[in-house]
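# need coordinates for the below:
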Amino acid sequence: MLEVRNLRLGFAAGRSTLAAVDGISFAISRGETFALLGESGCGKSATAQGILRLLPAAGRLLGGSVRLDGEELLALPEAEMRRIRGHRIAMIFQEPATSLNPVLTVGRQIGEVLERHSGLAGDAARPRMLELLRQVGIADPERRLDEYPFQLSGGMKQRVMIAIALAGDPELLIADEPTTALDVTVQAQILDLLAKIQVDRGMGMLLITHDLGVVARMAHRIGVMYAGELVEVASRDEFFARPRHPYTQALFAALPDAARRGRRLATIPGQVPALDAMPAGCRFADRCPQAMPVCRERAPAWREVAGGHALRCHWQGAGVADAAGHAVTELAIEPGRPFLEVAGLQVHFPIRRGLLQRTVGHVRAVDGVDLAISPGRTLALVGESGCGKTTVGKALLQLIRPSAGSVRLGGADLVGLSGRRLRAARRHLQMVFQDPFASLNPRLRIGEIIGEGMDALGVGSGGERREALVALLGQVGLPAAALDRYPHEFSGGQRQRIAIARALAVQPELLVCDEPTSALDVSVQAQILNLLKELQAELGVAYLFITHNFGVVDYLAHDVAVMYLGRIVERGRAEEVLGAPRHPYTQALLSAVPSPHPGDAGERIRLPGETPSPASPPAGCHFHPRCPKAVDVCGQSYPAATLISGTHAVHCHRA
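Numbering: from 1, shown residues only. All right, here's what the predicted structure looks like:
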């Protein structure tokens, strides 16, 4: 159905044009999903934009052919392309929050597509809009049609994007990282939805992602992209059974899981080459463990190694690269006396209405949380978006004032402290935020950013300070020259290292890490996880690790606490909670995690409905309206903790 031949795209930079996509070819049949896989900056999204001719102002089509059912799209006038966009080819963009128009209602945005491609408008279009929202699994579509994007959760915004894409009955759907920022449960729902729609309509799909679990679940064929070129193409079974290109093998080796727990994750040294510094030979040669002299002299040609499995590589070896590096020294610290104890922690935000802004209710973001963290151990706090994980992290540091409860650090309660006493206590607790670019001041040099906390807490001075900063950067794997540079001069992974160095500058005993790897490629994620593990072994620092990536939890965590709607529903050692989950919510979360091994996927537990609002949580057990095992008592009283073992506790009437 779609044939891309030798497509070349570039971006104007001064008087020259730099090629971002350099001669890629692939084809997609009806009912087939072709996945483009690779690190950020490899040209995946530029390829999708080129197919639809939606390149930004500096973008240039440099050559090649894109044919849809034999019709050459690159030769069509813009008016004809408008007929094809949204009708024959539709696209789901990576970030629904920025792709939806914030000043138009959901109904208006779906209606634009129906009016353009189906001739439906006004009252005549409303039944079709409602049908589309029901198709994508949005409850109460009559109300949602008249709401604005800011009134919807991340998962619902993504579903609205899919509804808009499907409104024109496309033959081909381009999905650019459709589940990157979503929880595992919402991600599973979106992937199920796309697979069902594809079967129902016989639609082709180009899936762009860097998540091997999503690829294993969705793709029929896979193309691995590196530095603007395809380097390996194979069917799903062949790809996961026998990855041949060293770059593909390195991506698999960087995946965190329980089997690699005591070992360093394999990382890919260096970075994707810049557009203005592409090597003459193989573009992966400088980062490749198998590189030979010929790799730097001559670009490899395509060669077929099995039916439908081809790659561009001079190296003839077929063995999969070592799954992980050398063993990491792990501190054998048993959970003794905790140095941080949280009891009955509540954070309630008032809902104010009316002219006098009277309080009419409360959002119960955190509603009675108990935690304990021992020195040198990692406690993973997991759960869906909006359950209160980040609020717990901020409340520990008193960045948000708790409404009730206690946070005891070495026997002293932090709740109620202020001024100098609170600053002194914060030396023991520091936070690494989710988005390193947003949390680093763009106007300050790296040395000033890291030194700011040391100034505030009176750590070091003068010449000692400079030496301490250089040593800190060395600890997180950055050169001393980085001190005089600005945040925008670094990659995402390097910025996250700087954020970790800033947190470590005051020698804390606990780091609160809020989704520190969620926006990173698997290769960069592996570097950050290795760094955190080494720092824990070297410094004995403890981590509260907030995440929804269960591969990371499997690899890094000693203990796990599962959170739902402001409360902990299950906690225990990682092997207990992940290996033998007892709460129905934990079981549903784990069943929804996409496995990067196609044969491993078990039966998935599908949760009905959306997470209830924390402003009006259900009576009894908060999970009972969605629970497949709920009985009458679940709606009447909140379950007390049931001890499964000395370390494993579950809040469930049926545990």
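# quick one, grab the pLDDT at the nearest residue to Glu509 once chain neighbours are set aside.
Spatial nearest neighbour of Glu509, excluding adjacent residues (CB to CB, 6 or more residues apart in numbering): His428 at 5.1 Å. In this view, the C-beta of every residue, glycine as well, is placed from N, C-alpha and C. We have a pLDDT of 90 for His428.
# kindly report the same for the one 10 residues further on.
In this prediction, Ala438 carries a pLDDT score of 81.
# biggest strand in the chain by residues?
Counting residues, the longest strand found in the chain (DSSP state E) is strand 358-373.
# quick check: what element follows it along the chain?
Next helix or strand after strand 358-373 toward the C-terminus (DSSP states H and E): strand 378-382.
# hey, what's Leu340 bridged with?
When bridges are called by DSSP bridges, Leu340 pairs up with Ile373, Leu409.
# ok, it - contacts?
With contact set as CB atoms under 8 Å, 6 or more residues apart in numbering, Leu340 has these partners: Leu371, Ala372, Ile373, Leu396, Val407, Arg408, Leu409, Leu429, Leu510, Ala542.
# Ile110: which of the residues you listed is nearest?
Leu396 (42.4 Å; CB to CB).
# the closest one: neighbour count?
23 (other CB atoms under 10 Å).
# then Ala259?
Ala259, neighbours per other CB under 10 Å, totals 12.
# the one 4 residues further on too?
Applying other CB under 10 Å, we find 17 residues neighbouring Arg263.
# now Glu142
Neighbour count for Glu142, taken as other CB under 10 Å: 11.
# buried sites along the helix or strand hosting it?
Using DSSP H and E, Glu142 sits within helix 141-144. Residues Pro141, Arg144 are the ones in helix 141-144 that count as buried (16 or more other CB atoms under 10 Å).
# do stretch 51-68 as well
Residues Ile51, Leu52, Arg53, Leu55, Gly59, Arg60, Leu62, Gly64, Val66, Arg67, Leu68 are the ones in stretch 51-68 that count as buried (16+ other CB under 10 Å).
# narrow the residues you listed to those in helices?
Members of those lying in helices (criterion: DSSP state H): Ile51, Leu52.
# which of the buried residues of stretch 51-68 lies closest to Met161?
Met161 lies nearest to Leu52 out of the buried residues of stretch 51-68, by CB to CB, at 15.0 Å.
# isn't that closest one up against Ala90?
No: contact criterion CB atoms under 8 Å: Leu52 and Ala90 do not qualify, at 9.1 Å.
# what's the overlap in contacts for those two?
Common neighbours of Leu52 and Ala90 (CB under 8 Å, 6+ apart) are Ile174.
# follow-up on the earlier one: could I get the contacts of Leu340 as CSV with distance to Cys652?
Shown next, in CSV, are those (distance: CB to CB, whole Å):
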residue, distance to Cys652
Leu371, 19
Ala372, 20
Ile373, 24
Leu396, 26
Val407, 26
Arg408, 27
Leu409, 31
Leu429, 31
Leu510, 29
Ala542, 28
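# by pLDDT, rank these and give me the bottom one.
Minimum pLDDT across these is recorded for Leu409, with 87.
# about what we covered before: so which of the buried residues of stretch 51-68 is the closest to Glu489?
For these, the nearest to Glu489 is Gly59 (24.1 Å; CB to CB).
# secondary structure class for the nearest residue to that closest one once chain neighbours are set aside?
Excluding the flanking residues, the one nearest Gly59 by CB to CB, 6+ apart is Phe11, at 5.8 Å. Secondary structure, DSSP: H, G, I helix; E, B strand; the rest coil: Phe11 is strand.
# so who does Phe11 touch?
With CB under 8 Å, 6+ apart, Phe11 has these contacts: Thr17, Leu18, Ala20, Pro56, Ala58, Gly59, Arg60, Leu275.
# and those residues, which is closest to His597?
Distance to His597 across the contacts of Phe11 (CB to CB) is lowest for Ala20, with 32.3 Å.
# any idea of the mean pLDDT for the helix or strand containing that closest one?
Element membership for Ala20, per DSSP H and E: strand 16-28. Averaged across strand 16-28, pLDDT comes to 93.
# output the contacting helices and strands for the next helix or strand after that strand.
Next along the chain after strand 16-28, taking DSSP H and E as the criterion, comes strand 33-37. Counting contacts by 3 or more CB pairs under 8 Å, 6 or more residues apart in numbering; DSSP states H and E, strand 33-37 packs against strand 16-28, helix 44-52, strand 204-209, helix 212-218, strand 221-226.
# just send those back as JSON lines, with distance to Ala468 too.
Putting the helices and strands packed on strand 33-37 into JSON lines (distance: least, CB to CB, whole Å) gives the following:
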{"stretch": "strand 16-28", "distance to Ala468": "40"}
{"stretch": "helix 44-52", "distance to Ala468": "41"}
{"stretch": "strand 204-209", "distance to Ala468": "41"}
{"stretch": "helix 212-218", "distance to Ala468": "40"}
{"stretch": "strand 221-226", "distance to Ala468": "39"}
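# ok, which of those comes nearest Gly579?
Nearest of the helices and strands packed on strand 33-37 (CB to CB): helix 212-218, 18.9 Å.
# need phi/psi at the closest residue to Val66 other than its chain neighbours.
Using CB to CB, 6+ apart and skipping residues adjacent in sequence, the residue nearest Val66 is Leu73, 4.6 Å away. With angles defined as degrees, to the nearest 10, Leu73 sits at phi -80, psi -30.
# report pLDDT for Leu120.
Model confidence at Leu120, given as pLDDT, is 87.
# what about the residue nearest to Glu509, how many residues nearby?
His428 is flanked by 18 other residues according to other CB under 10 Å.
# ok, now Thr105?
Around Thr105 there are 16 residues (other CB under 10 Å).
# which residues are in contact with it?
Shown in contact with Thr105 (CB under 8 Å, 6+ apart): Leu145, Asp146, Glu147, Tyr148.
# any quick PyMOL command for the buried ones out of these?
Selecting the buried subset of the contacts of Thr105 in PyMOL, with 16+ other CB under 10 Å as the burial test, is done by:
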select buried, resi 145
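# what residues are up against Thr33?
Contact analysis of Thr33 by CB under 8 Å, 6+ apart lists Gln198, Gly204, Met205, Leu206, Leu207, Met218, Ala219, His220, Arg221.
# highest neighbour count among those?
Leu207 (27 neighbours).
# check contacts around it.
Contact partners of Leu207, counting by CB under 8 Å, 6+ apart, are Thr33, Phe34, Ala35, Leu36, Ala175, Pro178, Val214, Val215, Met218, Ala219.
# repeat the analysis, applying 10 Å as the threshold.
33-37, 44, 92, 173-179, 191, 194, 214-215, 218-220, 222 (CB atoms under 10 Å, 6 or more residues apart in numbering).
# against Glu177, how distant is it?
Distance of Leu207 to Glu177, computed by CB to CB, to the nearest Å: 9 Å.
# same deal with Val476?
Distance, Val476 to Glu177, by CB to CB: 27 Å.
# do the same with Thr248
19 Å.
# which of the two has more residues huddled nearby?
Neighbour tally, Thr248 and Glu177, criterion other CB under 10 Å: the higher count belongs to Thr248, 25 against 19.
# helix or strand right after the one helix or strand that one maps to?
Assessed by DSSP H and E, Thr248 sits inside helix 246-253. Using DSSP H and E, the helix or strand that follows helix 246-253 in sequence is strand 263-265.
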